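Peer 1: the following comprises the amino acid sequence and a computationally predicted model.
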Amino acid sequence: MKKINIYKDFILFFTFPVILIILYFINPSQLFVTGNQTSFIAILISCVTFEFFIRKAKNGENFYMRPIPAMQAMEEAVGRATEMGSSVLFVPGISGLDEIDTISGVIILGHVAGMVAEYEADLHVPCCVPIVMEAAKESCKEAYLKKGRPDLYNDSKIHYVTDDQFAYAAGVNGIMLREKPAAVFYQGKFYAESLLLAETGSSVGAIQIAGTGSSSQIPFFVTSCDYVLIGEEFYAASAYLSGSPEMIGSIKGQDYVKLLCMVLIGFVVLVSFFNFLNITQLDISSFFKINISN
Amino acid sequence: MRNFLIKLGTIDRKFIFVLIALAVLIPLLYPNLIELPIKVDKNTKIVFNSISELKSGDKVLLSFAYGASTKPEVHPMAIALLKHLFAKDIKVYIVSLWPESPIMANQAIKEIIDTKLFNLEEGVDYALFDYKTGGFIVIKGIAENFREVYKQDHNGNLIEDLTIMDDIYSVSDFDFVFDFSAGVPGNAEWVQYACDPKKIPLSSGCTSIMVTDAIPYIESGQLKGILAGMPGAAEYEKMVYDLLQQQLNKNSNLNKDAVLTKGKALARMSAQSVSHLLMVIFIVLGNVSYYFSRKNN
Amino acid sequence: MFIKRQLAIVVMISMGFLALAGQFINSDNLREFTDKDAPQWYMIIAAFAAFLGCINLLQLHSTKVIRRKKDWQYSIFTLVGFLLMIFFGFLYNGSTVGLGPHLKNEFSAFYWMYNYVYLPLSSTMFALLAFFVASASYRAFRIRNFEATLLLISGVLLMLGRVPIGALIPWWTVIIIYVSILFALFASKIKNKQVFFYSYFGANIFILILGFLLGWHVNLPSFLSIPLIQEWIMAVPATAGSRAIMIGIALGVVAQSFRIITGRERSILGD
């Protein structure tokens, strides 16, 4: 049985991708877009790596995940809100569901809603985009149902504020100043309003946990919030919270792809150095350029 | 003395807010009180030189992607750039990627017309197009087929009837693209979907916070310099003002009787300087207090 | 149950693979679908969802006012603002052009509301950032550890370097700043206060004399010019950090998208 599995894995993880790459380069009947080979190979290698580690995790292999303070603090934050008799405020960002940050934020909302249901605290989710409001309602309802507390779910607490960036910030700031939540979560896509929200949250004494894929807003959250999920920690959060082997396996795969990126960066630096010393004349950047010709 | 220094670390926020308000308000109300010399940044010089290299009759696409909240930061650079372009008799094409941007573009053009520096005719010297929804999809569309995205200008004139639109079919028909952005879609989308694939020179003017994300593109040459926030706007305004002053009696594109005025960003730089200095002073005081309170504990 | 779960997962997976295929398969129809049709479908759904948002807003705030719930007075402002803009946007014109184009016309009431109500409010909210940046940096920029010190130094240098006042700071002040930072980092290692202060002043005087001898007051080296230091910080360490975070975020997006496209990430559907 093991031999068949090794054979199957070899076909899946080596032969199949190699055949696809060869097909892409041969490009029979102009089936594929020319000039996009670099992206194709990169995506194929990434997906194969993720799939490999997901299968390893499903087969029972344990992967070490370093503890992320922000993730561990989430439950503490909800517990704090319960003890203080105050609410939990969850801000899912200001973008729509076309942004992966918002999707990640809504996924984390589901987990936080589950914790809130368990601790019997109050959850308030002001939304900037109506479609996100609907997704958030769905996510929260299911979370409360799963924890066996559908009676605690309050539909009016997940509501639409406004589409405008600063009007939304003003609205959420008002909610924070009036309700004085004990815990505030900022999980999603944020722009310039991030510091407005975080500073107001800090002024009401709330414990603040932020997570965003907007790299320019991370410094503001780091300055004003207690815990921040930086960069890919935010995307790994949903996997971390679920604890399922499949999710954790994908994070491991992500780490190996990052290692490959580091090796490639080192290689490019080395070649550039040799070019500078006139030892080689290799135009390394041309390998990574995308020149799509339709 | 020690207790006083420790107390400096616990100043009430309201006091800080009042001082910052004064630091910004006084220089704005009395701009001649503090006049500071402007040192031009390397990236602003690159933008200025790139525009200066364009020739009369060249076609420049301007993308307006900012709104009311970021108008104080981005609008002055739009005014300065428009003055620079019209002084060189460059044809200007304005597209809007945010819902509020057509209003910003209209206000910018109106301000230029009100200066009476140029004799501009819409449809001949410049063309304005309305907001199109879709973000980066619009940029992709402009890159492939401009006329499929825009069938008419903002006055409802068909694109085929506009003389300025002769020979314009895609982004490749422009000599330069300049993006004014305060968010998404912004300079990254123009690099990714239009200017880098089609090899059209691109520059950008954006809010200060966006500059860190844009710097990798500047370092790789995909962006020809950047106007970084209000300091960038002030620097560019100064360069354009000096240029127009020199050329006022020599350039046939300029009306000799018109009065040249310095831009708004220049006037606001003294306010920004004072407030930054005040913030640094607060940081130093906070650290002095922290040092003494740690010693105490 | 099938519609909520399995059908949703099937739609999620198929749309994901279609969008991915559209980037690599040379098919005009597929590219037309992924570049034009699919985004337009999303925008239509989002536009209809906007109605839901408006109804939700009206419902929530009307209920608050009618039942006199906590802070119901603020809901009056929300409702009045909302209804006023609807009135000027859809019903009342005030300009010579027809309804619709009147939104852009500077003589319409809607344009007046935009220019004199919305614009100042929006700019004011953005301007609040200046106050919050001041209070946040006052609270957070403390020499707690090495990383916090780096944050402090780069923050101060960038704040001063980006404004005209940075160019006016003389070279000897910059030297004193460097020496002060160095001594602040090692302050805890020097127990004797006298030794600390004498060595601090001695170091300052020594480097200032050295600077005069080396002619730094005539030919200013770049490491003593705050605007040039600011340019270097933006061009080198800030770019490096920004690139590293961008690569990490991009990989995170790819992994998350892979989990969603292969149907493994089902929490968004409530599973």
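Peer 2: That came in fine, so what should we check first? Numbers count the residues shown, from 1 in each chain, chains lettered A, B, ... in the order given.
Peer 1: okay, helices next: where are they in chain C?
Peer 2: Residue ranges of the helices in chain C, as given by DSSP state H, are C:8-24, C:28-32, C:38-66, C:72-86, C:109-113, C:119-140, C:146-161, C:164-168, C:171-186, C:193-213, C:226-233, C:239-261.
Peer 1: could you dump these into TSV and include distance to B:Thr207, mean pLDDT and mean neighbour count?
Peer 2: For the C-beta atoms, the positions are set from N, CA and C on the backbone; glycine is no exception. Listed next are these as TSV, based on distance: least, C-beta to C-beta, whole Å; pLDDT from 0 to 100; neighbours: other C-beta atoms under 10 Å in any protein chain shown:
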stretch	distance to B:Thr207	mean pLDDT	mean neighbour count
helix C:8-24	31	88	15
helix C:28-32	33	87	12
helix C:38-66	25	88	15
helix C:72-86	26	92	14
helix C:109-113	25	89	18
helix C:119-140	9	90	20
helix C:146-161	15	86	18
helix C:164-168	19	86	20
helix C:171-186	28	85	16
helix C:193-213	37	90	13
helix C:226-233	17	89	19
helix C:239-261	16	88	19
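Peer 1: right, and these - which one's nearest B:Gly123?
Peer 2: For these, distance to B:Gly123 was read as C-beta to C-beta. The smallest value, 22.9 Å, belongs to helix C:109-113.
Peer 1: right, is that closest one up against chain A?
Peer 2: No: no part of helix C:109-113 sits close enough to chain A to count as contact by C-beta under 8 Å from any C-beta of the partner chain; the gap is at least 13.5 Å.
Peer 1: give me the secondary structure label for A:Asp163.
Peer 2: Taking DSSP: H, G, I helix; E, B strand; the rest coil as the rule, one finds A:Asp163 in the coil state.
Peer 1: so the closest residue to B:Lys264 other than its chain neighbours is in which element?
Peer 2: The shortest distance from B:Lys264 to any residue that is not its chain neighbour, by C-beta to C-beta, 6 or more residues apart in numbering or on different chains, is 5.0 Å, and that residue is B:Pro76. Using DSSP states H and E, the element containing B:Pro76 is helix B:71-87.
Peer 1: pull up the pairing partners for the next helix or strand after that helix, direction included.
Peer 2: On the C-terminal side of helix B:71-87, the nearest following helix or strand under DSSP H and E is strand B:91-96. Note on strand B:91-96: by DSSP bridges, its sheet partners are strand B:59-65 (parallel), strand B:126-131 (parallel).
Peer 1: A:Ala236 reaches A:Gln254, doesn't it?
Peer 2: Yes: with contact defined as C-beta atoms under 8 Å, A:Ala236 counts as touching A:Gln254 (7.3 Å).
Peer 1: which neighbours do the two share?
Peer 2: With contacts taken as C-beta atoms under 8 Å, 6 or more residues apart in numbering or on different chains, A:Ala236 and A:Gln254 have C:252, C:255 as neighbours in common.
Peer 1: winner for burial among the strands paired with strand B:91-96?
Peer 2: The highest mean neighbour count among these belongs to strand B:59-65 (a mean of 26), with neighbours defined as mean count of other C-beta atoms under 10 Å in any protein chain shown.
Peer 1: who wins for proximity to A:Asn62 among the helices of chain C?
Peer 2: Within these, the stretch nearest A:Asn62 is helix C:239-261; the backing value is 19.2 Å (C-beta to C-beta).
Peer 1: compute the inter-axis angle for the closest one and helix C:226-233.
Peer 2: Angle between the axes of helix C:239-261 and helix C:226-233 is 30 degrees (criterion: axes from the mean of the first three to the mean of the last three C-alpha atoms, to 10 degrees).
Peer 1: does stretch C:63-79 reach chain A?
Peer 2: Yes: with C-beta under 8 Å from any C-beta as the threshold, stretch C:63-79 lies in contact with chain A, specifically through C:63, C:70-71, C:74.
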